[in-house]
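> no sequence for this one, just the structure:
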Ligand SMILES: *Cc1c(COP(=O)(O)O)cnc(C)c1O
């Protein structure tokens, strides 16, 4: 059990066994008497790490034939631009849903290069729901959505029918549950929310995307460059990829996505039940759109703030302060957070009810 119950929104909690192994590899990797951080990324020992990380992504997510798995630097924020470069034709058209701050940043990048049709937005209600009342046009280059809105605590429970390539920013819910990869032409996700330390960004891209839009793409922004070099076009973020590989081993050893999905649903149910039961609290997101990863809630009466903050601080709970654009509290319950940590937060909420 971790000393601190870490609800950080990202970078976020990693399993303790993963951290221990990572620590050891920083000291002496593979009995080479060298640190993981000071060997060549082209050494056979590190190439084996890259190969295993890639294979585990394919195995755990059940990635079909005809897709490439790539690890790149730049964060999901570079993914916003990489999407446009790889999927949009010159002066092309795309559609996006505007479900939060990250979706908005993705839209801004696309607008620099073509027409953007914003199909649905929940901006006027501070992004507290997932718009569903739209039809994806068929005359666009791609449709982009954000599966989980980390800041507002909303999550898409299904993806719309669409006849055009579907692209998804899955930064904050990838590996949290089963997903049908074959629906997507491209998925991208920053490592630091469910996979490993910041530094690497995971791309899963249909090979049919390569070269399809006919535009000249700068080498680093072209996913085909990286697919053809097995993520070794330039020096990859070795530490982030190594720790991501350890996390994927941990996930697989425990039962993969069926195991983690059940555990994540259990944690979310535990906390949301208390938010709904306890008269002092209320959730901020629409019930049907609530995120299993990030639960946002507020105190109905701010007068209880100091007492509640003292309770969870005394319980060594960390990172539940809400994002400044929502306020209140946000409990990020990523894969590595144990059920016991959620029970402890629920106990604090019950204790407040008793003493307030
Ligand atoms: C955190 C986050 C990002 C930004 O990721 P970076 O790797 O910091 O660029 C993008 N999209 C979503 C949904 C996120 O949660």
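It's in. Since this is a predicted model, take the numbers as computed values, not measurements. Numbering: from 1, shown residues only.
> the stretch 51-200 of the chain: helices as residue ranges?
Listed in chain order, the helices of the stretch 51-200 of the chain (DSSP state H, counting those that start in this stretch) span 75-87, 101-111.
> go on, the stretch 251-356 of the chain?
Going by DSSP H, counting those that start in this stretch, the stretch 251-356 of the chain shows helices at 256-277, 305-314, 339-355.
> just send those back as TSV, with distance to residue 249 and mean pLDDT too.
Every residue, glycine included, has its C-beta placed from N, CA and C. TSV is the format used below for the helices of the stretch 251-356 of the chain (distance: least, Cβ to Cβ, whole Å; pLDDT from 0 to 100):
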stretch	distance to residue 249	mean pLDDT
helix 256-277	11	98
helix 305-314	32	97
helix 339-355	21	97
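> what's the closest of these to the ligand?
helix 256-277 (15.9 Å; Cβ to the nearest ligand atom).
> buried set for that closest one?
By neighbour count on 16 or more other Cβ atoms under 10 Å, the buried set for helix 256-277 is 256, 257, 260, 261, 263, 264, 267, 268, 271, 272, 274, 275.
> cool, stretch 53-69 as well?
53, 54, 56, 57, 58, 60, 61, 63, 67, 68, 69.
> also stretch 295-313?
295, 296, 297, 298, 299, 304, 308, 309, 311, 312.
> enumerate the residues of the stretch 101-250 of the chain near the ligand.
The stretch 101-250 of the chain has residues 102, 146, 150, 169, 171, 172, 190, 193 near the ligand, with proximity defined as Cβ under 6 Å from any ligand atom.
> show me those residues that map onto strands.
146, 169, 190 (DSSP state E).
> before we move on, the earlier item: emit the ChimeraX select command for whichever of the residues of the stretch 101-250 of the chain next to the ligand are buried.
One line in ChimeraX is enough to select the buried members of those, burial here meaning 16+ other Cβ under 10 Å:
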select :102,146,150,169,171,172,190,193
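> closest residue of the stretch 251-356 of the chain to the ligand?
For the stretch 251-356 of the chain, Cβ to the nearest ligand atom, closest residue to the ligand: residue 294, 8.6 Å.
> which residues touch residue 78?
Counting by Cβ atoms under 8 Å, 6 or more residues apart in numbering, residue 78 makes contact with 72, 201.
> er, residue 161 I mean
Applying Cβ under 8 Å, 6+ apart, the residues near residue 161 are residue 136.
> before we move on, what's the pLDDT of it?
Note for residue 161: predicted pLDDT of 87.
> what's the burial count for the residue nearest to residue 113 when sequence neighbours are not counted?
Of all residues not flanking residue 113 in the chain, residue 84 sits nearest, at 5.1 Å (Cβ to Cβ, 6 or more residues apart in numbering). For residue 84, the neighbour count with other Cβ atoms under 10 Å is 27.
> which parts of this protein are strands?
Using DSSP E, strands in the chain cover 5-6, 67-72, 93-98, 115-121, 142-146, 148-149, 154-155, 166-169, 186-190, 201-206, 281-283, 294-299, 317-318, 329-332.
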